[in-house]
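Student: Prediction below, plus the sequence it came from.
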Amino acid sequence: MAGTVPSGERKLLPASLVGALEERFADRFQRGEAVLGQHGSSETHFATMLPDAVVYARSTDDVVALVKLCAAADIPIIPFGAGTSIEGNAAPVNGGISLDMSQMDRVLAVHTEDFDCVVQPGVRREELNLHLRDQGLFFPIDPGANATIGGMASTRASGTNAVRYGTMKDAVLSLEVVTPQGEVIRTARRARKSAAGYDLTRLYVGSEGTLGIITEVTLRLHPVPDTISAAVCSFATLGGAVDTVVQSIQCAVPLARVEILDTKQMIAVNRWSKLDYPEAPTLFFEFHGSAAYVAEQVETVKVLAEANGGSAFNWSNLPEERSKLWRARHDAYYAAVNMRAGAIGWATDVCVPMSRLAECIAETHADLETSSVPATILGHVGDGNFHVIFSIDPDAPAEMEEVEAINAKLIERALAMDGTCTGEHGIGLGKQDWLVAELGNAVDQMRLIKRAFDPQNLLNPGKIFTL
Ligand SMILES: Cc1cc2nc3c(=O)[nH]c(=O)nc-3n(C[C@H](O)[C@H](O)[C@H](O)COP(=O)(O)OP(=O)(O)OC[C@H]3O[C@@H](n4cnc5c(N)ncnc54)[C@H](O)[C@@H]3O)c2cc1C
C-alpha cells in the first residue's frame with residue numbers, strides 16, 4: 001500500500017486559457033522551469049510532479065477569477081501553501097495550475113478581547129506569532145515546518161502543543177472559501193460556538209484542497225501563560241519515557257508539550273543542532289500556567305519520571321534557551337534524514353489511543369532494530385502520535401521496499417489498536433489505501449461529498465481517494 005499516483009489524463013493548457021491568465025495575472029502567471037519545480041517537488045519520498053503553470057493569488061477576487069477560467073477550460077487547480085506537506089498532498093498528479101497562496105499573507109484583524117484573529121491563508125505560523133507577540137496572545141499550532149495557515153487548515157495539522165491546545169480542528173473558528181464554482185462562502189461567524197446547520201468549517205478543515213480554496217481563516221488564540229517552563233529528561237529505556245507520558249496524561253497533568261525522541265534521534269539532534277544532550281531516550285517537556293500551578297505539574301511529572309528511570313530535569317527557563325530547545329525539536333526531521341548524506345526522508349504518522357501507546361512504540365522499536373535502513377522515533381506522544389523517520393538511499397530501491405513494508409506493519413498495528421494511519425499529515429497520495437482500510441465504506445460517503453461539491457473534479461484531483 002505505497003503511495004500510488006492515480007492515473008488520469010493530463011490536458012495541455014489551451015492557448016485561450018494561457019492568454020486569459022497572462023492578461024489577468026501578468027507576471028503572477030509563471031511557467032519557468034524553476035518555479036514549476038518548486039511547486040512540483042515534495043519534502044519526502046514522492047517523485048517530482050510538475051504543474052503546467054503557477055498562479056500567485058493576492059486576493060479572493062484573484063482566486064474567483066482563476067477558478068472561473070479553469071472551470072471553463074476544465075483545467076485542474078492545486079492549492080499550494082508552503083509546500084511542506086509530507087504525503088504528496090500538494091502534488092499536481094495530472095498537471096494543471098498550482099495556485100500559490102503565499103502572497104495572501106496579511107493578518108487582517110486581531111480581536112484581543114475575543115482571543116481570535118482573522119488572517120489570509122498565506123500567513124505563516126511563525127510570522128503570525130511575531131505579529132501577536134506584543135499583544136499577550138499566541139497561536140499554538142506548530143508543525144515542524146513554518147507552514148501557511150491555509151495549508152495547516154487543509155491538512156488538519158497539529159504539532160508539539162496539541163496535547164494542551166488541540167489541533168487545527170479546534171483552532172479554526174470560521175473560513176472564507178472559494179467553491180469550485182467560483183462562489184465565495186463563509187462557513188461561520190466569529191462566535192465561539194454555533195449550532196447553525198452543517199459544520200462546513202470542520203468539513204473544509206482537513207479536506208486537503210479538494211473541496212474549496214480557503215481565502216480567509218478566523219483562528220482561536222490563547223493568552224501567553226504567566227509562567228512557561230521547559231525541561232529535558234533522559235531515561236534508561238524508551239519504555240520508561242513512554243510510561244512517564246502515559247501516566248502523566250492519566251493523572252490529568254495538563255502538559256503543554258511533551259515530545260519523545262529515541263536514542264538515535266538524540267544522536268542526530270546533537271549532531272545537527274550542535275547540542276550535547278545525553279544520547280538516550282528523552283522527553284522534551286513544557287509546562288504552562290501560574291507559577292504555583294506549573295510547580296505542581298512539575299512535581300507530579302518528576303515523581304513519575306523518577307519512578308520510570310528518568311534522570312534529573314535539565315531546565316530551560318529563559319525564552320532564548322527555550323526557543324533553542326524547541327528549534328532543535330522542530331529540526332529533528334532534517335537531523336534524522338541528514339544522518340546520511342544525500343538521503344531522502346520518509347516520515348510515518350500513526351496515532352493510537354493512549355492506553356496502547358507504550359505497546360505500539362515498543363513493537364515498532366523492535367521492528368527498527370532489524371531494519372537495514374537508518375530510522376529514528378520521535379513524536380507528539382501526549383496525543384498518542386509518533387513518527388518513524390527513515391533516512392533512505394535514493395539509489396537503493398530495496399530500501400524503499402523495506403520501508404514500505406515496515407510502514408505497512410506499523411499502520412496495521414495502529415489500526416488493530418483502534419488508531420489511525422495519520423495523526424496529522426493527512427492522506428494526500430501516500431495513505432489512500434490505508435484510509436479505506438481504516439474507515440471502509442465511510443470513504444464512499446466522502447466520495448459523494450466530493451462529487452456534490454466539485455462535480456467537475458477541478459480541485460486537487462487524485463488526492464485522499466480516487467473517485
Ligand atoms: C520538517 C517538517 C516537520 C513537520 N512537522 C509537522 C507536525 O509536527 N505536524 C503536522 O501536522 N505537520 C507537520 N509537517 C507537515 C506540514 O508542515 C503540514 O502538513 C502543513 O500543514 C502543510 O502546510 P503548507 O502550508 O506547507 O501546505 P502545502 O504543503 O502547500 O499544502 C498542503 C495541502 O493543503 C492544500 N492547501 C494549501 N493551501 C490551501 C488553501 N489556501 N486552500 C485550500 N487548500 C490549501 C494543498 O492543496 C495540499 O493539499 C511537517 C513537515 C516538515 C517538512
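Tutor: Looks like it came in fine. Numbering: from 1, shown residues only.
Student: Go ahead and name everything in contact with the top helix by length along the chain.
Tutor: In the chain, with assignment by DSSP state H, the single longest helix is helix 397-416. For helix 397-416, contacts defined as C-beta atoms under 8 Å, 6 or more residues apart in numbering pick out 1-2, 45, 346, 348, 350-352, 360, 363-364, 367-368, 371-373, 375, 388, 390, 392-393, 420-421, 434, 437-438. (Glycine included, C-beta is placed from N, CA and C.)
Student: Show the buried residues in these.
Tutor: Among those, those buried by neighbour count (16 or more other C-beta atoms under 10 Å) are 1, 45, 346, 348, 350-352, 360, 364, 368, 373, 375, 388, 390, 392-393, 420-421, 434, 437-438.
Student: Which members of these occur in helices, if any?
Tutor: Using DSSP H, these in helices are C360, T364, L368, W434, A437, E438.
Student: Need the residues you listed in CSV (columns: pLDDT and distance to W315).
Tutor: Formatted as CSV, these follow (pLDDT from 0 to 100; distance: C-beta to C-beta, whole Å):
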residue, pLDDT, distance to W315
C360, 98, 30
T364, 98, 30
L368, 97, 31
W434, 98, 40
A437, 98, 44
E438, 98, 40
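Student: what's the closest of those residues to the ligand?
Tutor: For these, the residue nearest the ligand by C-beta to the nearest ligand atom is W434; the value is 16.6 Å.
Student: M168 contacts D142, correct?
Tutor: No - here M168 lies out of contact with D142, judged by C-beta atoms under 8 Å, at a distance of 11.2 Å.
Student: Is there a neighbour count for whatever residue of the stretch 251-400 of the chain ends up closest to the ligand? I'd like the number.
Tutor: Of all residues in the stretch 251-400 of the chain, the one sitting closest to the ligand is Y333 (3.7 Å; C-beta to the nearest ligand atom). Neighbours of Y333 under the rule other C-beta atoms under 10 Å: 23.
Student: likewise the one 10 residues further on?
Tutor: Counted with other C-beta under 10 Å, the burial measure for A343 works out to 18 neighbours.
Student: Contact partners for it?
Tutor: Residues counted as contacts of A343 (C-beta under 8 Å, 6+ apart) are V337, P374, S391, I392, D393, P394.
Student: Grab the nearest non-local neighbour of it.
Tutor: S391 (4.2 Å; C-beta to C-beta, 6 or more residues apart in numbering).
Student: so how far is G212 from that neighbour?
Tutor: Here S391 is placed at a distance of 37 Å from G212 (C-beta to C-beta, to the nearest Å).
Student: So these two - more neighbours on which side?
Tutor: Each of S391 and G212 has its neighbours counted (other C-beta under 10 Å); G212 has more, 28 against 24.
Student: per-residue pLDDT, the more buried one?
Tutor: At G212, the model reports a pLDDT of 98.
Student: L459 and P76 touch, don't they?
Tutor: Yes - taking contacts as C-beta under 8 Å, L459 lies within contact range of P76: 7.2 Å.
Student: Compare the two (neighbour count), which wins?
Tutor: L459 (28 against 24).
Student: Across the sheet, point out what pairs with the more buried one.
Tutor: Listed by DSSP bridges, the beta-bridge partners for L459 are I77.
Student: which residues sit in contact with it?
Tutor: P76, I77, I78, P79, P180, G209, T210, L211, G212, I213.
Student: What separation do you get for the residue nearest to the last one when sequence neighbours are not counted and the ligand?
Tutor: Spelled out, that is I213. Nearest non-adjacent residue to I213, counting by C-beta to C-beta, 6+ apart: V178, 4.5 Å away. V178 sits 8 Å away from the ligand, taking C-beta to the nearest ligand atom, to the nearest Å as the criterion.
Student: hang on, V178 packs against V184?
Tutor: Yes - shown here, V178 and V184 form a contact pair, counting by C-beta under 8 Å, at 5.7 Å.
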